[in-house]
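**Student:** Show me the folded form of this:
(2 chains)
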Amino acid sequence: MKTLEDLKALRERLKSDIKVRHAQETKIIVGMGTCGIAAGAREVMSAVLDELAVRRLNEVQVQQTGCIGMCEQEVLLDVVRPNEPRITYGRVKPSDVKRIIADHVVNGRIIEDMVVGKIEEQE
Amino acid sequence: MREISLHLLDLVQNSIEAGASTVEITVDEDEAGYFVFIVADNGRGMNKELVNSVRDPFVTTRLTRKVGLGLALLSMSTARCGGVLDIQSQEGKGTKVKAAFLQDHLDRPPLGDLAATLKVLLTANPALRLIVNYKSGGGEFLLDSMQLKEILGESLAFGHPEVYSWLSDYLKQEIGKVGKSGR
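**Tutor:** Numbers count the residues shown, from 1 in each chain, chains lettered A, B, ... in the order given. Modelled structure (predicted):
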């Protein structure tokens, strides 16, 4: 049984754990247009959030975006590590998420066979 | 869409793209025999012409492609289930989309995983105020993300691993209490 009181207690306990968020953190962005959702974006996003929680990766920001026009490649998932190009993975399934987080997000190794796009400049 | 909850996710994405800072979701599983949901936002709204044409799949405001399927799919789905789709919008004020399905129609999509839709929206859009009112046989579930944010304070996000775990469990539990079993 989870209550709002639990959340308050959690906040008290985490007080010392809180640090200022800086812009320089890794981002994961999932396409959530109609095309992405129909292709399973919610499940991919849930898998990302679950995996980050399991690994206790607090320094990764998860965001959603709309359709970017590559509907046939959905679900699209972008990984942006600080000072590195933005990498877009296509046709991502929830079962791919562990690998993307382990290889790319944590260890910085791009999974070439899943890449559908690469943007060099920084956001 | 296989689930009402996926339509909700889709509509809230529209609201976000319309610049909304507050989105209110209402779901009533049995409003006089109809399954009804409403997504109301304070985004930039649409003019009359766009409101009248927005169910057409070949109308979209997006520049990346020439079709817009979200409201077209929802319009088809409600019509097939003996229901209606009502879209009200005022430029500069916001948009309110109301969908009604005959509750016991065979083709009505199930509510689906509302908890998953909400946790994704809350975690990926920390600046958005999300207000949820879900009514069903088991009672009512109310959620205002602002209340949760007040508890958490400025620097603790829904994405923090432990907060996210609490949120997942809490949503599942509270929505489970209210929801009817089965479809």
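**Student:** Residue ranges in chain A under the pLDDT threshold?
**Tutor:** A:17-23, A:121-123 (pLDDT under 70).
**Student:** The residue in it that chain B sits nearest to: which element?
**Tutor:** Closest residue of chain A to chain B, Cβ to the nearest Cβ: A:Gly69 (3.2 Å). Any C-beta I mention is one placed from the backbone N, CA and C, and that applies to glycine too. Remark: A:Gly69 resides in no helix or strand, with elements defined by DSSP states H and E.
**Student:** Let me see the contact set for A:Val106.
**Tutor:** A:Arg55, A:Leu57 (Cβ atoms under 8 Å, 6 or more residues apart in numbering or on different chains).
**Student:** whoops, B:Ser5 was the one
**Tutor:** When contacts are counted by Cβ under 8 Å, 6+ apart, B:Ser5 touches B:Leu111, B:Gly112, B:Asp113, B:Leu114, B:Ala116, B:Thr117.
**Student:** Go through those residues and flag which are in helices.
**Tutor:** Counted as lying in helices by DSSP state H, out of the contacts of B:Ser5, are B:Leu114, B:Ala116, B:Thr117.
**Student:** Excluding chain neighbours, give the residue nearest to the first one in space.
**Tutor:** Among residues not flanking B:Leu114 along the chain, B:Ser5 sits closest, at 4.7 Å (Cβ to Cβ, 6 or more residues apart in numbering or on different chains).
**Student:** Look at that neighbour and give its secondary structure.
**Tutor:** Classification of B:Ser5 by DSSP: H, G, I helix; E, B strand; the rest coil places it in helix.
**Student:** What pLDDT is listed against it?
**Tutor:** B:Ser5 is assigned a pLDDT of 97 by the prediction.
**Student:** Please report how far the residue of chain B positioned farthest from its centre lies from A:Glu112.
**Tutor:** Distance from the centre of chain B peaks at B:Ser155, with 26.7 Å (Cα atoms, centre = their mean). Relative to A:Glu112, B:Ser155 is positioned 37 Å away (Cβ to Cβ, to the nearest Å).
**Student:** so what's A:Arg61 closest to, chain neighbours aside?
**Tutor:** Check again: residue A:61 is Gln, not Arg. A:Lys27 (4.8 Å).
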